[in-house]
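1. just coords:
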């Protein structure tokens, strides 16, 4: 008894090794082995890629928080302050960034992390990304003399747009917005720089997981079940021979372990590449820091092992034995579609269409419930439609004597699954991309107006604010501008003495008044009068019309001649009018920062667009993930279709070999896969247009991008033709190798 | 040298080796029009290789195979495929039909691929199936019985009116009743259509129906002993 146990243990372990080996040789010999081998590699690579992407995102957030904690200012009320600080927003184009205005009180105190010394008065240190993006607006000169770059350790990320600026000649600064600090580094992340513009980590990870992880999971399932008919039969055989779950599992592991390991290794490579140097991502343009990626190196083996285990586990779990106790042969004909699913689909469509007639939460609920029902049952409807299409195609083939059309039609009718899966992927892809585009184009009515104004004006009208606009400051500012610019003051109009009731009104209820010397007003085509007069209707000058719209408080602008600023009359803000919209904001911003205290320059309505740009940049991330996810999804359905098409192809092989008509396979691929998919693309595009326009009419905002739809539909069409050709050619290759079995 | 009867099948000195093993070692066979031959032999004796050589799917190392007056071992590519489509028909062990297509469509398909006019193809397919006792309706072939499927496969092999009909274990997957019905049908064809029939089979009951029974063993083909 005591001897028997080790002997049986040895036998058992030898059995495991044998089963693993048999699994490996089964992989090498079974039909469609190459397709499954590569699809398992792809699936493992995509799963690992998703895991490492989650790791990379976490590393970027973690690195940013850590560096933010080091540069976070330590505020104080007391006398131990080493510097004065003022955080201010600015923008390059419509992209905002933060400017940290500094004045050291103790020159021996350590400067902020990332810069070698405190800036001298009128000097600025800029982040590399700000320098790159602001080149067109002469950002290097905007804040004074350029003193150098902020090193990566002093930035939230290498992608951050940031500036440390010491204003000229303000020493020590006055004004209640300046704060005293005792230095930098608080141990807490704080809200500084790039972190203000990004979504929370949990939200980011969730989007990544759903949009890229979901399709990767689908790919894993498809790869695991690729060519499953043969393996299911083998499983049944192993069971019949007395093999248990563990024996079958060993066999399966032996078969799948190599491609899954290769795929996992391949999936790690992109993250390894990101470690080599800072890399800019497509679509979003985000620059990923190599240092952050290197800091996550320790977790890569864990992610790889987790992903490897997960994929292999999925392959095992999806490797089922037939429990029905009946035949191991797969069903040849698909079951009919239950009628209730079509009714539910119609109900979903009805709910979506009826939702605009309701308000508030009910409308949202109806829209969402309708969409869920619609999407859940679309495959069934697609199957019915595709089957009808198949029957029609077979009829046409028979009538005209087109062999490929006849066979394709019969296959579609008997097993619509392949075409349905591909169709659903295309319809969802088209719908998703259109929805993301329409959602991110949503601006609200003010945003839409701002965009229109921006298109009309360019940078020909700019508002300039500052802490104080003294006569001297304004004179310096005006003198610092190149020729071609006019500067006027913009203030609430003082009510005339005859209307004492208007005295107590808030400034936003008062009409606004433009004030400038006569020569300036004349050059602008305005009347010159020392008394405040309303601007006459339309001036013919688009700059003044838009100015009235954005600054007039809903009342006509008034005009008065006089100096822009005097000792007794400091304007609230200045308007700089350029003779052309193409001159950019660079010159105006440079002049403002050189001559004014804490200046702020913006286009009319720019605030509305900043918010919209944030939405658009979140949209870019969604588009990036969705594009990756869809690519994976399409890959998954392409593999599963190719696998099934190969099985179909094998049926025709004997006849095709005998008659040597290999061209029939390519025609079959085109009829069976490409033709229905092209039709589905057209229908999907129409549905996407309807949905997009429906959303626009529902929200009364946003715009529909025809070029995006056209390029997506063209890609889907090309995918359709490619799938058909690939399926046809590989079936032809497989078929031509067919020979009768037996001896 | 050209065979006297262009409709006959003539094999001369056929030698073929595979994987270092001599499978066919100087095989000679002549079958005139209207005659049937059964080839038997143990598993692995090269029966299927012999059929593949006649079909032109295997290139023998040596020898000639005359089908309808032409040596197909000297033919290549399209010419070989065209000659095969016009003069050779095959019935496989498992029928190898498309289960989703109706029997008529399965039979007509071979004619369509051979370039026949589609109206004529469908009419001939229906005639053939009716003659062979297969329902020529729209039932998918996958729903037919094993015997009906093999009879459909025979109809498919006949639709191009081949000079030489080959059958590889045509009754191997059938029960006794279906076997008898398909075998009777097959061996009646040379007389009805004036073709040559070569049947490879393990089943003595099937082989007995042939005009001649030959045995392939150790690469040699010889008259089987009764």
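-> Right, received. Where do you want to start? All of these numbers come straight from a predicted model, not from anything done at the bench.

2. identify the residue spatially nearest to residue 168, adjacent ones excluded.
-> Reading this off chain A. residue A:122 (3.6 Å; C-beta to C-beta, 6 or more residues apart in numbering or on different chains). Backbone N, C-alpha and C define where each C-beta goes, glycine included.

3. chain B was what I was after
-> Residue B:168's closest residue in space is residue B:200 (C-beta to C-beta, 6+ apart), at 5.1 Å.

4. my read is that the one you found contacts residue B:51, right?
-> Yes - the criterion here is C-beta atoms under 8 Å, and residue B:200 meets it with residue B:51 at 5.8 Å.

5. overlap of the contact sets of those two?
-> By C-beta atoms under 8 Å, 6 or more residues apart in numbering or on different chains, residue B:200 and residue B:51 have these common neighbours: B:166, B:168.

6. those two - which one has more neighbours?
-> Neighbour comparison, residue B:200 and residue B:51: the larger count goes to residue B:200, with 26 against 22 (by other C-beta atoms under 10 Å in any protein chain shown).

7. can I see the domain layout of chain A?
-> Taking automatic domain parsing as the domain assignment, the ranges for chain A are A:1-70+A:230-319, A:73-184, A:331-444+A:604-743, A:459-602.

8. pLDDT averaged over the third one - what is it?
-> Right, domain A:331-444+A:604-743. When pLDDT is averaged over domain A:331-444+A:604-743, the result is 77.

9. just confirm residue B:134 is within a helix.
-> No - going by DSSP: H, G, I helix; E, B strand; the rest coil, the assignment for residue B:134 is coil, not a helix.

10. run through who's touching whichever helix or strand residue A:690 is part of.
-> Following DSSP states H and E, one finds residue A:690 within helix A:675-699. For helix A:675-699, the surrounding residues in contact (C-beta under 8 Å, 6+ apart) are A:352, A:355-356, A:382, A:386, A:389, A:393, A:408, A:412, A:419, A:422-423, A:426-427, A:429-431, A:433-435, A:437-439, A:442, A:702-704, A:709, A:712-713, A:716-717, A:719-721, A:723-724.

11. repeat that for 6 Å
-> Helix A:675-699 is contacted from outside by A:356, A:389, A:419, A:422-423, A:426-427, A:430-431, A:434, A:438, A:702, A:704, A:713, A:716-717, A:720, using C-beta atoms under 6 Å, 6 or more residues apart in numbering or on different chains.

12. can you lay out the domains of chain A as a markdown table showing distance to residue B:11 and mean neighbour count?
-> Output for these, formatted as a markdown table (distance: least, C-beta to C-beta, whole Å; neighbours: other C-beta atoms under 10 Å in any protein chain shown):
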| stretch | distance to residue B:11 | mean neighbour count |
| --- | --- | --- |
| domain A:1-70+A:230-319 | 32 | 18 |
| domain A:73-184 | 78 | 18 |
| domain A:331-444+A:604-743 | 18 | 19 |
| domain A:459-602 | 88 | 17 |
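
13. and these: which comes nearest residue B:178?
-> domain A:331-444+A:604-743 (18.7 Å; C-beta to C-beta).

14. need the phi and psi values for the residue in chain A positioned nearest to chain B.
-> Residue nearest to chain B within chain A (C-beta to the nearest C-beta): residue A:401, separated by 2.3 Å. Recorded main-chain torsions at residue A:401 are phi 80, psi 30, according to degrees, to the nearest 10.

15. for residue A:207, same thing?
-> Here residue A:207 shows phi and psi, under degrees, to the nearest 10, equal to phi -60, psi -40.

16. swap in residue A:157?
-> Here is the backbone geometry of residue A:157 (degrees, to the nearest 10): phi -160, psi 170.

17. correct me if wrong: it contacts residue A:62.
-> No - in this structure, residue A:157 is not within contact of residue A:62 by C-beta atoms under 6 Å, at 11.1 Å.

18. can you tell me if stretch B:133-153 touches chain A.
-> Yes - Stretch B:133-153 reaches chain A (C-beta under 6 Å from any C-beta of the partner chain) through residue B:142.

19. that stretch - what's its average pLDDT?
-> 81.

20. ditto for stretch A:482-497
-> Rounded mean pLDDT across stretch A:482-497 is 82.

21. and the residue in chain B positioned nearest to chain A, how many neighbours does it have?
-> Proximity to chain A, evaluated over chain B using C-beta to the nearest C-beta, is greatest for residue B:118 at 2.3 Å. By the criterion of other C-beta under 10 Å, residue B:118 has 18 neighbours.

22. so the spatially most central residue of chain B, which of the three states?
-> Chain B has residue B:166 as the residue nearest its centroid, 1.3 Å off, counting by C-alpha atoms, centre = their mean. Of the three states, residue B:166 takes strand under three-state DSSP.

23. distance to residue A:194 for the domains of chain A - can I get that in TSV?
-> Listed next are those as TSV, based on distance: least, C-beta to C-beta, whole Å:
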stretch	distance to residue A:194
domain A:1-70+A:230-319	7
domain A:73-184	4
domain A:331-444+A:604-743	11
domain A:459-602	20
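
24. out of these, which gets nearest to residue A:190?
-> Here domain A:1-70+A:230-319 is closest among the domains of chain A (C-beta to C-beta), at 5.4 Å.

25. can you pull the buried residues of stretch B:198-206?
-> Residues of stretch B:198-206 classed as buried: B:198, B:199, B:200, B:201, B:202, B:203, B:206 (neighbour count, 16 or more other C-beta atoms under 10 Å in any protein chain shown).

26. how much space separates residue A:595 from residue B:166?
-> Look at residue A:595 and residue B:166: by C-beta to C-beta, to the nearest Å, they are 100 Å apart.

27. do residue B:63 as well
-> 17 Å.

28. try residue A:371
-> Taking C-beta to C-beta, one finds residue A:371 at 59 Å from residue B:166.

29. ditto for residue A:657
-> Residue A:657 is 13 Å from residue B:166, by C-beta to C-beta.

30. now residue A:709
-> Residue A:709 is 56 Å from residue B:166, by C-beta to C-beta.

31. same check, this time on residue A:695
-> 65 Å.

32. remind me, longest helix of chain B?
-> helix B:176-193 (DSSP state H).

33. chain center to the helix or strand that contains residue A:133, what's the gap?
-> Using DSSP H and E, residue A:133 sits within helix A:128-133. Between the centre of helix A:128-133 and the centre of its chain there are 22 Å (C-alpha atoms, centre = their mean, to the nearest Å).
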